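Student: just the structure for this:
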Amino acid sequence: MLCSSIETRLITIPRFPSPSLQRMRNVLKRSYPTTRPSIRRQAAVIPLLDLSQRQNKGWTSISVMYYVAKLLELPPMRVYEVATFYTMFNREPIGDNFVQVCTTTPCMLRGSTEILDTVVSHLNLKKPGETTKDGKFTVIEVECQGACSNAPMLEDLTPASTKKILDSFAKGQKPKPGPQSGRHTSENSAGLTALTSELYGPGEFCQEEFRQPINMCHILLGSPE
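Tutor: The predicted structure follows:
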């Protein structure tokens with residue numbers, strides 16, 4: 001069952017700050033490409049769950065789902081089925097820092113297994129999916145994070161840089177974002193292998209009559225006498 005009878009009895013309506021409530025109202029006012037009100041309400045489930053999770057310390061409780069269902073005037077099951085399908089909605093409380101390590105093929109080939117083991121051991125956990133006793137970290141194993149060129153994700157990590165990042169978060173600091181190897185964004189770490197020749201200007205390989213710059217005023221208004 002999605003929720004036990006005890007959990008159902010303990011449902012409490014969450015209270016969100018005014019800015020979040022206003023954002024929810026804006027979502028409800030948004031004009032979705034349909035004239036059917038029920039479809040419009042269902043289309044708002046994901047954005048409202050996302051806003052609610054952000055205000056609920058990063059997880060989607062039964063109370064949050066019930067709140068969204070009541071706000072959209074939908075059967076609670078319509079919200080439960082969305083929240084339990086998408087992995088972006090956390091069904092259990094998470095730590096202050098939510099560490100997600102990708103272990104799909106590109107990252108695995110670049111050492112993500114060692115990175116995941118480093119994270120788990122450095123935080124004194126037994127396995128992914130656990131939260132540290134002080135509540136500062138939750139670690140999970142995830143599928144592709146969409147940045148394979150910077151594998152392993154997190155970004156360009158080694159065990160040493162992984163520990164350094166974790167220690168920074170533990171101290172309340174914000175480590176440098178982006179690749180940890182020193183390269184810029186997702187550039188080839190070995191240097192350029194394409195576009196290495198000198199770039200040519202416009203018209204360089206055109207016939208002579210087309211090489212001169214064109215005065216659009218003359219084209220639109222006619223050449224002056």
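
Student: nearest residue to Lys163 other than its sequence neighbours?
Tutor: Nearest residue to Lys163 in three dimensions, chain neighbours excluded: His122, at 5.3 Å (CB to CB, 6 or more residues apart in numbering). For glycine as for every other residue, the C-beta is placed from the backbone atoms N, C-alpha and C.

Student: how near is the one you found to Leu166?
Tutor: The gap separating His122 from Leu166 is 6 Å, by CB to CB, to the nearest Å.

Student: again with Met108
Tutor: From Met108 to Leu166 the distance is 21 Å (CB to CB).

Student: between these two, which one's more packed in?
Tutor: In this view Met108 and Leu166 are compared by other CB atoms under 10 Å, and Leu166 has more residues nearby, 20 against 15.

Student: which SS class is the more buried one?
Tutor: Per DSSP: H, G, I helix; E, B strand; the rest coil, the local secondary structure of Leu166 is helix.

Student: stretch 95-106: which residues count as buried?
Tutor: Within stretch 95-106, the residues scored as buried using 16 or more other CB atoms under 10 Å are Gly95, Asp96, Asn97, Val99, Gln100, Val101, Cys102, Thr103, Thr104, Pro106.

Student: what's in contact with that stretch?
Tutor: 58, 90, 107, 112-113, 115-116, 119, 128, 131-132, 135-145, 148, 151-154, 166, 169 (CB atoms under 8 Å, 6 or more residues apart in numbering).

Student: please spell out the ChimeraX selection for the buried subset of the residues you listed.
Tutor: Here is the ChimeraX command that selects only those of the contacts of stretch 95-106 that count as buried (16+ other CB under 10 Å):
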select :90,107,112,115,116,119,128,131,132,137,138,139,140,141,145,148,151,152,153,154,166,169
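
Student: mind listing which of the contacts of stretch 95-106 are in helices?
Tutor: Cross-referencing these against helices under DSSP state H gives Cys107, Ser112, Thr113, Ile115, Leu116, Val119, Leu166, Phe169.

Student: for Ala194, what are phi and psi?
Tutor: With angles defined as degrees, to the nearest 10, Ala194 sits at phi -140, psi 160.

Student: what about it, how many residues close to it?
Tutor: Ala194: 6 neighbours (other CB under 10 Å).

Student: what is the least confident helix or strand in the protein?
Tutor: Sorting the helices and strands of the chain by mean pLDDT, DSSP states H and E puts helix 5-9 at the bottom, at a mean of 41.

Student: next, the buried residues of the helix or strand that comes right after that one.
Tutor: Scanning forward in sequence from helix 5-9 by DSSP states H and E, the next helix or strand is helix 18-29. Buried residues in helix 18-29, counting neighbours by 16+ other CB under 10 Å, are found at Arg23, Met24, Val27.
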